[in-house]
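# what follows is a protein structure lacking sequence information:
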């Protein structure tokens, strides 16, 4: 859940990971101006699981991981209308040939009209969402290119997903938007090999 403080809107999304058919996937928004009696405002179904979201400026920003277009999906919090999308695959179509887990949009935060997207091994990206109908790339902070993953074996891609470097898991900015922090998530899938353990970010 995420709270749009200025508008007293609470965004609830799920499920956090891929599930089979018959399970609701999407967003429910509640007006919590009176916390004792929340009122449902809208329901927005999605074709993807919803690992995380961010709510601000009367909008909800979803992690739209469809496999071929992992990216941010922007929804009007009151009407439930989809306003726009942005994906790494729009920048480079080769991402569509990379397994979802290596470039999954795991987390995002929005500050002053800029969405900061933690795209796991693909790094962190800053996208201007001040006009939600036409998001524009501002910067790539770090991360690998799709060509690197296309040259790997399945086992290598699995290890790359789990072990350092990379694994941009969480992203946040300070109150001014001048300082960006990226948290990495990793573990050791090859205990007898080298390179496993915490992400040295």
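That came in fine, so what should we check first? Just so it is clear, the model here is predicted, and its values are computed rather than measured.
# so where is this structure shaky, pLDDT-wise?
Scanning the chain for pLDDT under 70 picks out the ranges 193, 200-201.
# how about the longest helix seen in it, which residues are buried there?
If you go by DSSP state H, the chain has its longest helix at helix 154-162. Neighbour-count burial for helix 154-162 flags 157, 158, 159, 160, 161, 162 (criterion: 16 or more other C-beta atoms under 10 Å). From N, CA and C alone the C-beta is placed, and that goes for glycine too.
# do stretch 176-183 as well
180, 182.
# who's in contact with that stretch?
For stretch 176-183, contacts defined as C-beta atoms under 8 Å, 6 or more residues apart in numbering pick out 111-112, 114, 116, 118, 124, 126, 141-142, 168-174, 199, 201.
# stretch 63-74 too?
The set of residues external to stretch 63-74 that reach it, using C-beta under 8 Å, 6+ apart, is 46-53, 59-62, 82-90, 95-96, 100, 103-108, 115, 117, 119, 127, 129, 132, 135.
# got a PyMOL select line for the buried ones in those residues?
Listed next is the PyMOL selection for buried residues among these, using 16+ other C-beta under 10 Å:
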select buried, resi 46+48+49+50+51+52+53+59+60+61+62+82+83+85+86+87+88+89+95+100+103+104+105+106+107+108+115+117+119+127+129+132+135
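# among the contacts of stretch 63-74, which lie within strands?
Judged by DSSP state E, the subset of those located in strands is 53, 59-62, 82-87, 107-108, 115, 117, 127.
# what segments of this protein are helices?
Assigned by DSSP H, the helices in the chain fall at 88-91, 146-150, 154-162.
# can you list those helices in CSV and add distance to residue 66?
Output for these, formatted as CSV (distance: least, C-beta to C-beta, whole Å):
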stretch, distance to residue 66
helix 88-91, 10
helix 146-150, 16
helix 154-162, 18
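# which one of these lies nearest to residue 75?
Of all the helices of the chain, helix 88-91 sits nearest to residue 75, with 18.4 Å by C-beta to C-beta.
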